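A.B. asks: predicted coordinates and the sequence they were generated for:
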Amino acid sequence: MSARLEQQPEQFELPTFMDPETRLEEDERLLSQSENDKSAEMRKQQRSLLRLSLSFFLFGLINNVLYVIILSAALDLVPPVHPQSIVAKFSWPYILKGRIRYVRRLVGCCFLSVMGMIVVATSDGLSPRLFGIGCASLASGLGEVTFLQLSTTFHPPSVAGRGVGYFASGTGAAGLVGAFLWWELRGLGVRIGVGLSSVLPFVIPLTYFLLLPRPNELSSLVFSDPEEAGLPSSEYTPLPVLEEDAGEVVVETAPLTAKTLSLSDKWELLKPMLPRYMAPLCVAPTLVYPIPTPDSSPVFGRIVHSIRDYYPLWQLVYQSTVFLSRSSLSLGLPALPTRAIPIPSVIQGLLLAILSSESALGYFPDALAPGLVFCLISVEGICGGLSYVNAYFRAGLEPANAQERAFKMGAIGLADSLGILAASLVAMPTEVALCRAQVGRGRLLCQEL
């Protein structure tokens, strides 16, 4: 009873008091840990940004380099008695409905590129080689549409714009690398040189699976001043991404609650883009320039040893300046304002008039003709590259939902294709007429091509 009545004293846990120095050290430790966590997250995002940039650069490089090699080798692949043809990019966004399956597209483009190059390398007839060139052209066009639409799956808009900028830089590098490779490989012959290049398309699926980051890895990236990068500060909703078997990423072209874009809806989206972006891209002037003789310039005479060396040389000059201008955004230069995008196309038209009239009339001094043509072709390359990268960059930043944004990025490619097709059709009669004018002045070099 006495034990029951005996009450144990209550146990109170006295609060632990830290001396000021200990509390200060603890606060500094917590602050340092928080800063380390933020720093680690920032480093992770920077690595993801680097992977994104390198991935899209490789996409643009490999997607276009195969076709550029064929264009650089056009004089060796196609006999001069036959017109050189070009296959326009397929207008995929206008007929596509439903989900975008990127893995299937990339594998298909890789297969077409490899098959086209192998056909070109192993065939002797004109028809099989034209078929191979057509396969490479189709793969390049469909691949370009696919990668531009792939950039819209990344959030925020600054990240998507970064992908577009580095993809454009890669396409510019493809022209330079392709022309340089064929300049070096053409001595091996068509079969070996083209055959060695057929392994390049396999880089695309490897880059997609092993290097490209997932869109959610960059979704929390925040830029302090969106206007500083030329990007809208409005909220952006990325395309929903679904994970399926075999690691395939399937991107819905619209939310599940939204209807599929009809042809009338697509036309309404296209109308404001026609004068703003598509018309400048469609203006692809065909440059027909006078061919100076090797003896007329001691500098060019050391580089050019035969009349058939001129096309690869001018192609190398043109593609070098295209690479620099298409890399303007990835180099940190500001994008052109939307209203200024048509200016490079106007300059291209002036260059076409100057070079065509010079080819017909021959008013350049013979000693200065190679240098003047070099400068004009360089300006042409700069203008062409600026039109390309700024049109796609600005179109991708326009306010739109996910489905409309993906359609716009893919649909603009039709203007580029129509411009290339129109240039190829205009080039044939123009080349014949200017050659006749040169022959009338006693210049017979155009007949040797």
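C.D. replies: Arrived safely.
A.B. asks: tell me where the protein has strands.
C.D. replies: With DSSP state E as the criterion, the chain has strands at 100-101, 241-243, 249-251.
A.B. asks: mean pLDDT lowest where, among the ones you listed?
C.D. replies: Of all those, mean pLDDT reaches its minimum on strand 241-243 (a mean of 44).
A.B. asks: backbone dihedrals for residue 341, both of them.
C.D. replies: Dihedral pair for residue 341: phi -60, psi -40, per degrees, to the nearest 10.
A.B. asks: just give the number of residues close to it.
C.D. replies: As a burial measure, residue 341 scores 22 neighbours (other Cβ atoms under 10 Å). In short, each C-beta sits where N, CA and C put it, glycine included.
A.B. asks: cool, residue 130 as well?
C.D. replies: 19.
A.B. asks: repeat that for the one 4 residues further on.
C.D. replies: Residue 134 is surrounded by 16 other residues when neighbours are defined as other Cβ under 10 Å.
A.B. asks: measure it to residue 128 for me?
C.D. replies: 10 Å (Cβ to Cβ, to the nearest Å).
A.B. asks: and if you look at residue 340?
C.D. replies: Applying Cβ to Cβ, the value for residue 340 to residue 128 is 45 Å.
A.B. asks: how about the closest residue to residue 180 other than its chain neighbours, what does it touch?
C.D. replies: Distance criterion Cβ to Cβ, 6 or more residues apart in numbering; nearest residue to residue 180, sequence neighbours excluded, is residue 316 at 6.4 Å. With contacts defined as Cβ atoms under 8 Å, 6 or more residues apart in numbering, the neighbours of residue 316 are 176, 179, 180, 183.
A.B. asks: try 7 Å this time
C.D. replies: 179, 180, 183 (Cβ atoms under 7 Å, 6 or more residues apart in numbering).
A.B. asks: any idea which of these has the most stuff around it?
C.D. replies: residue 179 (26 neighbours).
A.B. asks: quick check: pLDDT value at the residue nearest to residue 180.
C.D. replies: So residue 316 comes in at 75 (pLDDT).
A.B. asks: what's the distance between residue 435 and residue 343?
C.D. replies: 32 Å.
A.B. asks: for the two, indicate the residue with more neighbours.
C.D. replies: residue 435 (19 against 15).
A.B. asks: buried stuff in stretch 44-61?
C.D. replies: Burial within stretch 44-61, assessed by neighbour count using 16 or more other Cβ atoms under 10 Å, is assigned to 45, 48-49, 51-53, 55-61.
A.B. asks: same deal with stretch 203-215?
C.D. replies: Those would be 203, 204, 207, 208, 212, 213, 215, for stretch 203-215 by 16+ other Cβ under 10 Å.
A.B. asks: which one in those residues is the model shakiest on?
C.D. replies: residue 215 (85).
A.B. asks: count the neighbours of residue 165 for me.
C.D. replies: Residue 165 has 27 nearby residues by other Cβ under 10 Å.
A.B. asks: what's it in contact with, if anything?
C.D. replies: Contacts for residue 165 (Cβ under 7 Å, 6+ apart) come out as 329, 330, 389, 393.
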